[in-house]
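Undergrad: A structural model of the following input is requested.
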Amino acid sequence: MAFGHKLSKWDLKLSPYLYISPFFILFAITGLFPIAYTAVISFMDWDLVRNSGTFIGFDQYVYVLTQPKFWIALRNTFSIFLLSSVPQLILAVFIATMLDQNIRAKTFWRMGVLLPYVMAPVAVALIFSNMFGDKYGLVNTTLADLGLPPVMWHSDAFASHIAISTMVNFRWTGYNTLILLAAMQAIPRDYYEAASIDGANRFRQFTAITLPSLRPTLIFVIITSTIGGLQIFDEPRMYDQYGTGGANSQWLTISLYLYDIGWGQWNFGRAAALAWILFIIILAIGVINMLVTNRLVRDEGTRDGVSRRSRRAAAAAARKQLEHRADTNDKTTEVAR
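TA: Sure, this is the predicted structure:
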């Protein structure tokens, strides 16, 4: 009896780790090793012929950080990221709210917003790069028909950022919309009915019920958009026929600069150093997002003033008390026998 109880307790504690272990084992083999190998190469002057390198310490990092191109690429990356992520999030929330209403052909419209995400990134980039052509692009042709001056989408840095951000928004807005829509549909409809009875209009219901309930999902979308925005590569790579970020690095991003160092200059040591600099930047922003997340969702879902930490502590104490009672009952049974 006691052994069976212990076996059941071990199964309860260990089985979740066994279920998720295949992913972490596979990640350790295919993910951690390349990351560690890249870290080693970043401290070396790597020789591609001999497939070996000479240890030079932080010289590769110093070289990358002292290059003006790096700071231009960093500025472009954050500019494109802000121009894409902020409108994308606002538009995704708006579209998800519309799709959450009682409209006809719901499945059709929900599948429709996902079509741009299914399209190949290269196809999207080629179509939009032609649309934003300086001379014969569709956008400038339309502006000329309206009597407006053309925009130099490739020579002007800010204009090129807007064009690339438009590609990103076109491709990823539908994906984020469906994530937010799933979260909206998980909100109990009783809240809206009670708010309607109290006289709250649609906008008041959205700000008082929908947005607070979407807070954890919004934070997830923000974090994933941040990571993807800082690693943007396909759109700037395909924005022109050369794929180098423009003649004056107008839309050169960090990922594109990394590709040029590694496969254009064949300097894997500097490319590895730049990859780790980008990783540190993303990690720092991720930590900031985590701190903001903990602050925003600290009391999320509580109606009695009790925080999540207090609830977890109370649940752990209750489990320990139950286990103690079970052990006491087993010992009492053994003594009685």
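Undergrad: First residue to last residue on stretch 227-239, what's the distance there?
TA: Using CA to CA, to the nearest Å, the end-to-end distance of stretch 227-239 comes to 21 Å.
Undergrad: List the contacts of that stretch.
TA: 77-78, 80-81, 84-85, 121-122, 124-126, 128-129, 154, 160, 163-164, 167-168, 172, 243, 245, 251-256, 259, 278, 281-282, 285-286 (CB atoms under 8 Å, 6 or more residues apart in numbering). Backbone N, C-alpha and C define where each C-beta goes, glycine included.
Undergrad: rerun at 6 Å
TA: Contacts of stretch 227-239 with the rest of the structure, by CB atoms under 6 Å, 6 or more residues apart in numbering, involve 77, 81, 84-85, 121-122, 125, 129, 164, 167-168, 243, 251, 253, 255-256, 282.
Undergrad: ok, now stretch 270-281?
TA: 38, 41, 42, 60, 61, 64, 254, 258, 261, 262.
Undergrad: cool, and stretch 242-255?
TA: 72-73, 76-77, 157, 160, 164, 231-233, 236-237, 256, 278.
Undergrad: Can you list the buried residues in that stretch?
TA: 244, 245, 246, 249, 250, 251, 252, 253, 254, 255 (16 or more other CB atoms under 10 Å).
Undergrad: Among the residues you listed, which one lies nearest to residue 182?
TA: Checking these against residue 182 with CB to CB, the nearest one is residue 255 at 29.5 Å.
Undergrad: Just the pLDDT for the closest one.
TA: Here, the pLDDT recorded for residue 255 equals 92.
Undergrad: And it, how far from residue 178?
TA: Going from residue 255 to residue 178 by CB to CB, to the nearest Å gives 26 Å.
Undergrad: same question, residue 217
TA: 11 Å.
Undergrad: Quick check: nearest residue in space to residue 144, chain neighbours excluded?
TA: residue 150 (6.4 Å; CB to CB, 6 or more residues apart in numbering).
Undergrad: before we move on, what SS does that neighbour have?
TA: State at residue 150, reduced to three classes by DSSP: H, G, I helix; E, B strand; the rest coil: coil.
Undergrad: does it really touch residue 140, like I thought?
TA: Yes - with contact defined as CB atoms under 6 Å, residue 150 counts as touching residue 140 (4.2 Å).
Undergrad: ok, the two, which is more surrounded?
TA: residue 140 (20 against 14; other CB atoms under 10 Å).
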